[in-house]
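# The following block contains a protein sequence and its predicted model.
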Amino acid sequence: MSTNTEFETLRDLEGTQIPSGQKSPVPKGTRGRIVQALGGSYTVLTQDGYMLRIEGRDGDAIGQEKIDGPNLEGLSVEEQIWAQLKTCYDPEIPVNIVDLGLIYGCEISDFPEGGHRVEIKMTLTAPGCGMGDVLRAEIERKLRSIPEINDVRAELVWEPVWDRARMSDAAKLKLGMF
C-alpha cells in the first residue's frame, strides 16, 4: 500500500539503497517518510534524500508493525511458490513481480529422497536496475522458507526483453495504463 507516513528510526538498522541495491546503515534518529509498505518490506525516503528498502522484520524500528509472510496453510507446493512470489515487489513500483510479468519461468523438480528444487527465470523492467540481485535473493529466501523446498535457483535473464504487454490487467489498472 502507498503511504506518506513520517518516521524516526528507534534503533540502528540496515536498509538497501534504491536503485543501486547497496546495503546502507540507517542510524537511530534518522527521519523520513514511508512511501510504500508491500510484500514484507517498506520503501522509505530519508531526510537526506535516500530511497531505501527496509525489511518487514525491522518495521518496529520505524514505528510500524513487523510484516510477516502470507498464510500458506493448505496450499500445494506450487501454490505456495506463487503466493510467495506475489509478495516480492520492485520497491519503486507498487505491483508484485508476478503481475508485472517479470517471472518468465518456474520449474519444480522432485528429489528422489523427497523435497523439491525450484528454478526461477526472471527479468527486470530495465537492464540497468541495481535491484536485480536484491530481488533475486529475496525470491530465493522466500521460497526456501517453504518446508518442502530443498533448493532454489533464481536466474536473471534478458531475453525476451520485458515490455508492458507482459503485465497483468490488474497491474495495468493499478499503474493507470488502461
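Looks like it came in fine. Numbers count the residues shown, from 1 in each chain.

# The helix or strand of the chain with the lowest mean pLDDT pairs with which strands?
Least confident helix or strand, the chain: strand 2-8 with a mean of 83, by mean pLDDT, DSSP states H and E. Applying DSSP bridges, strand 2-8 is found paired with strand 31-38 (antiparallel).

# For the most centrally placed residue in the chain, give me its contacts.
Nearest to the geometric centre of the chain sits residue 88, at 2.9 Å (Cα atoms, centre = their mean). Neighbour list for residue 88: 39, 96-98, 135, 138-139, 142 [criterion: Cβ atoms under 8 Å, 6 or more residues apart in numbering]. From N, CA and C alone the C-beta is placed, and that goes for glycine too.

# who's in contact with the helix ranked longest in the chain?
Using DSSP state H, we find that the single longest helix of the chain is helix 132-144. Contacting residues not belonging to helix 132-144 are listed as 16, 21, 40, 53, 69, 81, 84-85, 87-88, 90, 97, 102, 118, 120, 122, 124, 149, 152-156 [Cβ under 8 Å, 6+ apart].

# Of those, which belong to strands?
Taking DSSP state E as the definition of strands, these contribute 16, 53, 118, 120, 122, 149, 152-156.

# Cool, thanks, signing off.
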